[in-house]
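Peer 1: structure for this input, please:
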Amino acid sequence: MKTCLKIMAMASCIFCAGAFGAMESIEDKTALAGAFPPPLSVEKIWKVATSNQLDRVEKATGLKQKSSLFAYYEATRDGKVEARALISSSQGKHGLIRFMVVLEPDHTVRNVRVLAHREQWGEGIVKKKFLAQYIGKGSQDKIRLNADIQGITGATISSRAMSTGVRNAVRKISIILEEKEPE
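Peer 2: Okay, here's the model as predicted:
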């Protein structure tokens, strides 16, 4: 019975990958091309998380997971993983902040890029100086405003949204790809 369920889940995953693959925006493709320049080969990976992994993600992030289907990008060179990326979002004051987190093979942050936002006072969250604070952070780090991330004056909510979003993305991918989860 378990084998049958796994086969059905994988078939659903393959179907969904085809159906949802078209949802990738031009901005996402441009961001990915900038993060993973040639000769790196980039592939969108779909993974079905186990119920145990979903429980761990919910515990680590405090967010209810809507689906067990998880998508991320993997950049390889000669068959070796060079980096991974996750495109995610976090609620700002005036709407969602969409961003991309690029991770080293050990799941520490290599780069963060804001893809879209509607924050009136949150322009500082797109600046390199702010985003550079996330580089080198991993799932064991706090990644919290005023702890290890310095916020933008006048844009506290936007700064907090970015920190929460990056922290949740790093923890989620670490758990889904079976890295040690945070305490």
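Peer 1: so where's this structure shaky on pLDDT?
Peer 2: In the predicted model, the chain carries pLDDT under 70 at residues 1-26, 179-183.
Peer 1: let's see 80
Peer 2: 1-27, 121, 178-183 (pLDDT under 80).
Peer 1: ranges for the strands of it?
Peer 2: 41-48, 69-77, 80-91, 96-103, 109-116 (DSSP state E).
Peer 1: give me whichever of those strands is most buried.
Peer 2: Mean neighbours per residue, mean count of other Cβ atoms under 10 Å, is largest over those for strand 96-103, with a mean of 22. Placement of C-beta: from N, CA and C, glycine included.
Peer 1: for that strand, name the packing helices and strands.
Peer 2: Contact analysis of strand 96-103 by 3 or more Cβ pairs under 8 Å, 6 or more residues apart in numbering; DSSP states H and E lists helix 26-35, strand 80-91, strand 109-116, helix 156-176 as its packing neighbours.
Peer 1: ok, residues contacting it?
Peer 2: Identification of contacts with strand 96-103 by Cβ atoms under 8 Å, 6 or more residues apart in numbering yields 28, 31-32, 35-36, 83-91, 109-119, 122, 125, 134, 158, 161-162, 165-166, 169-170, 173.
Peer 1: separation between Q133 and Y73?
Peer 2: The spacing between Q133 and Y73, counted by Cβ to Cβ, to the nearest Å, is 23 Å.
Peer 1: kindly apply the preceding question to R98 instead.
Peer 2: From R98 across to Y73, the span is 15 Å (Cβ to Cβ).
Peer 1: so P105 makes contact with V81?
Peer 2: Yes. If you go by Cβ atoms under 8 Å, P105 and V81 touch, sitting 5.1 Å apart.
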